[in-house]
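1. Could you work out the structure for the sequence below:
(one chain, ligands or ions: 1)
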Amino acid sequence: MKFFLDTASLKDISWATQSGLIDGITTNPSLLSKQAGDLDPRDVLKEICSLVEGPVSAEVIAVDADAMVKEGQELAKIAENIVVKIPMLEEGMIAVRRLASAGIRTNVTLCFSSVQCLIAAKAGASYVSPFIGRIDDVGQEGMDVIRETRAIYDNYAIATEILAASIRHPRHVVEAAMIGADVATLPPDVLKKLMLHPLTDRGLEQFLSDWRTLGAPAKGGARV
Ligand code: E4P
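-> Presented below is the predicted three-dimensional model:
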């Protein structure tokens, strides 16, 4: 399973790239506006693209097809690894088709049902982003959308990648991985939580405390 980081924070991205754990980035207008402040968001995206080799999703603001295509083409000029994020709208699907024909990869965002994911794939999206956490928030089962979409895509050998988005906790990651989502995009705090277990902390504490009982430093290792 690929992990993308769902952030526009340069600090978090630099941290995550050092671990080699992330394969790409997703941003959205809310995340970029938080990071950009007075800066031009395109400069922030340029910086992100220089830090990460994999795909970097950048979202259009326009809502009609011609303007989305124009904005998408501009975003794609920022760097080769830009993927243009297009909202799930009728006009959006026209934009996806036109951008795909021009060789520009797209990520269809704000998907909340498996049939929306099927439509995005038929339009030619490279990625589709079902928002798991936001579906859970309204009392439905977000993971069902991933499950149904996986089955539909497998039935028809659809190559569009399922990008599990709006991930809120490690259990979402486990379930999406078991179902076979291609990618999970994680907020930095969730990526950090994936490494945590209380038994790891307790075990390490015990090992270090036992080590401290040694009378002399062990060969090749200092006393802790
Ligand atoms: C994905 O591309 C979106 O940016 C993101 O996952 C939305 O998550 P949220 O529901 O936590 O805002």
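2. where do the helices sit along this protein?
-> Here the chain has its helices, by DSSP state H, at 10-19, 29-36, 41-51, 65-78, 90-101, 114-123, 132-137, 142-155, 170-179, 188-193, 198-211.
3. Can you tell me which of the ones you listed is nearest to the ligand?
-> The ligand sits nearest to helix 132-137 of all the helices of the chain, at 4.7 Å, using C-beta to the nearest ligand atom. Every C-beta, even on glycine, is put in place using the N, C-alpha and C of the backbone.
4. Any idea which of the helices of the chain gets closest to Lys2?
-> Minimum separation from Lys2 across the helices of the chain (C-beta to C-beta) falls at helix 170-179, 10.4 Å.
5. Please point out which parts of the closest one sit buried.
-> Applying a neighbour-count criterion of 16 or more other C-beta atoms under 10 Å, one finds Pro170, His172, Val173, Glu175, Ala176, Ile179 buried in helix 170-179.
6. Show me which residues of the chain sit near the ligand.
-> Contact residues, the chain versus the ligand (C-beta under 6 Å from any ligand atom): Asp6, Thr26, Asn28, Thr109, Ser129, Phe131, Gly133, Arg134, Ala165, Ser166, Thr185.
7. Lowest-confidence one in the residues you listed?
-> On pLDDT alone, Asn28 ranks lowest of the residues of the chain next to the ligand, at 95.
8. PyMOL command to pick out the buried ones of the residues of the chain next to the ligand?
-> Entered in PyMOL, the line below selects the buried ones among the residues of the chain next to the ligand, by 16+ other C-beta under 10 Å:
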select buried, resi 6+26+28+109+129+131+133+165+166+185
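9. Now the residues of the chain next to the ligand in JSON lines, please, with extra columns for distance to Thr17.
-> Formatted as JSON lines, those follow (distance: C-beta to C-beta, whole Å):
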{"residue": "Asp6", "distance to Thr17": "15"}
{"residue": "Thr26", "distance to Thr17": "15"}
{"residue": "Asn28", "distance to Thr17": "20"}
{"residue": "Thr109", "distance to Thr17": "23"}
{"residue": "Ser129", "distance to Thr17": "22"}
{"residue": "Phe131", "distance to Thr17": "25"}
{"residue": "Gly133", "distance to Thr17": "24"}
{"residue": "Arg134", "distance to Thr17": "27"}
{"residue": "Ala165", "distance to Thr17": "20"}
{"residue": "Ser166", "distance to Thr17": "23"}
{"residue": "Thr185", "distance to Thr17": "15"}
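10. Output the helices of the chain as a markdown table; include the columns distance to Glu59.
-> Compiled in a markdown table, the helices of the chain are given as follows (distance: least, C-beta to C-beta, whole Å):
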| stretch | distance to Glu59 |
| --- | --- |
| helix 10-19 | 17 |
| helix 29-36 | 6 |
| helix 41-51 | 10 |
| helix 65-78 | 8 |
| helix 90-101 | 11 |
| helix 114-123 | 14 |
| helix 132-137 | 16 |
| helix 142-155 | 20 |
| helix 170-179 | 21 |
| helix 188-193 | 19 |
| helix 198-211 | 37 |
